[in-house]
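Enquirer: requesting a structural model of the entry that follows:
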Amino acid sequence: MNVGVLVSGTGTNLQALLDAEARGELAPAQITIVISNNPVAPALVRATAAGKPALAIDHHGMSRQAFEDLLIAGLRDVELVVLAGFMRVLTPHFLARFAGRVINTHPSLLPAFPGMDAPGQAISAGVRESGVTVHVVDQTVDGGAILAQVSVPIVAGDTPASLHARIQAEEHRLLPRIVREIAAGQIVFGPTS
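Expert: You can find the predicted model right below:
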């Protein structure tokens, strides 16, 4: 299964996928393209270092549809799209092209704490645990069918940064596993409404 990864920042989730692929732990999935909306994203350097095609499509100054048309063109041979720290909300225009074949990670146990700064939201709410969710992307922010979750306890003295670091450690294990299981047909999901 050809996988396209969309990134915006440092690319730690991308690196987890690349490392899993290098160890033979992503098959039958293979990363065939990495695209960033940020032309200076360190994730693009990670992709190039791993020998993957890397493309920057700067969204500034263009309509959402024009930007997404360029994304769609770049992902033309892709069967699964993985959002790995991609900081743009995708519209129905894009999602219709990859209906039910876009997944995302989020640093909370959805449906709790969608949106930005989920670790900070969890700490402010006083809950005892947070975690990571891998879900199918639909037209709602951090909505869509939940594919897998891993809990992470919140401990005394946690800051948003310390909690997020522990969540990321779980995220880096969970995301490659889910991509592999989707490619192997062990997780089956179709278009969402």
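Enquirer: quick one: end-to-end distance for stretch 52-69.
Expert: Counting by Cα to Cα, to the nearest Å, you get 21 Å between the two ends of stretch 52-69.
Enquirer: next one: stretch 113-120
Expert: Between the opening and closing residues of stretch 113-120 we find a distance of 9 Å, counting by Cα to Cα.
Enquirer: chain center to it: distance?
Expert: What separates the centre of stretch 113-120 from the centre of its chain is 15 Å, taken as Cα atoms, centre = their mean, to the nearest Å.
Enquirer: who touches it?
Expert: By Cβ atoms under 8 Å, 6 or more residues apart in numbering, the list of residues contacting stretch 113-120 from outside reads 106-108, 121-122, 125, 130, 141-143, 160-161, 163-164, 167. For glycine as for every other residue, the C-beta is placed from the backbone atoms N, C-alpha and C.
Enquirer: next step: these restricted to strands.
Expert: His106, Ser130 (DSSP state E).
Enquirer: in the contacts of stretch 113-120, find the pair that's most separated.
Expert: Maximum pairwise distance in the contacts of stretch 113-120, criterion Cβ to Cβ, is 26.1 Å, between Gly143 and Ala161.
Enquirer: neighbour-wise, which of those two wins?
Expert: The neighbour comparison of Gly143 against Ala161 (other Cβ atoms under 10 Å) goes to Gly143, with 16 against 9.
Enquirer: mind checking how far the more buried one is from Val89?
Expert: From Gly143 across to Val89, the span is 11 Å (Cβ to Cβ, to the nearest Å).
Enquirer: shared neighbours of the two, anything?
Expert: Looking at what touches both Gly143 and Val89 (by Cβ under 8 Å, 6+ apart), there is no common residue.
Enquirer: need the longest helix for the protein.
Expert: Longest among the helix segments of the chain by residue count, using DSSP state H, is helix 160-183.
Enquirer: what mean pLDDT does that one get?
Expert: Regarding helix 160-183, the rounded mean pLDDT is 97.
Enquirer: gap between it and the chain center?
Expert: Distance, centroid of helix 160-183 to centroid of chain: 10 Å (Cα atoms, centre = their mean).
Enquirer: just the CA trace of it, in CSV.
Expert: Included here for helix 160-183 are C-alpha records, laid out as CSV according to Å, rounded to 0.1, in the frame of the first residue of the first chain:
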residue,chain,number,x,y,z
PRO,A,160,1.8,20.5,28.9
ALA,A,161,5.4,19.9,27.5
SER,A,162,6.2,16.9,29.8
LEU,A,163,2.8,15.3,29.2
HIS,A,164,3.1,15.8,25.5
ALA,A,165,6.6,14.2,25.5
ARG,A,166,5.2,11.0,27.1
ILE,A,167,2.2,11.1,24.7
GLN,A,168,4.5,11.4,21.7
ALA,A,169,6.5,8.3,22.9
GLU,A,170,3.3,6.3,22.7
GLU,A,171,2.3,8.0,19.4
HIS,A,172,5.6,7.0,17.8
ARG,A,173,4.8,3.3,18.6
LEU,A,174,1.1,3.4,17.8
LEU,A,175,1.1,5.2,14.4
PRO,A,176,3.4,2.8,12.6
ARG,A,177,1.4,-0.2,14.0
ILE,A,178,-1.9,1.2,12.7
VAL,A,179,-0.5,2.0,9.3
ARG,A,180,0.9,-1.5,9.0
GLU,A,181,-2.4,-3.0,10.2
ILE,A,182,-4.4,-1.0,7.7
ALA,A,183,-2.0,-2.0,4.8
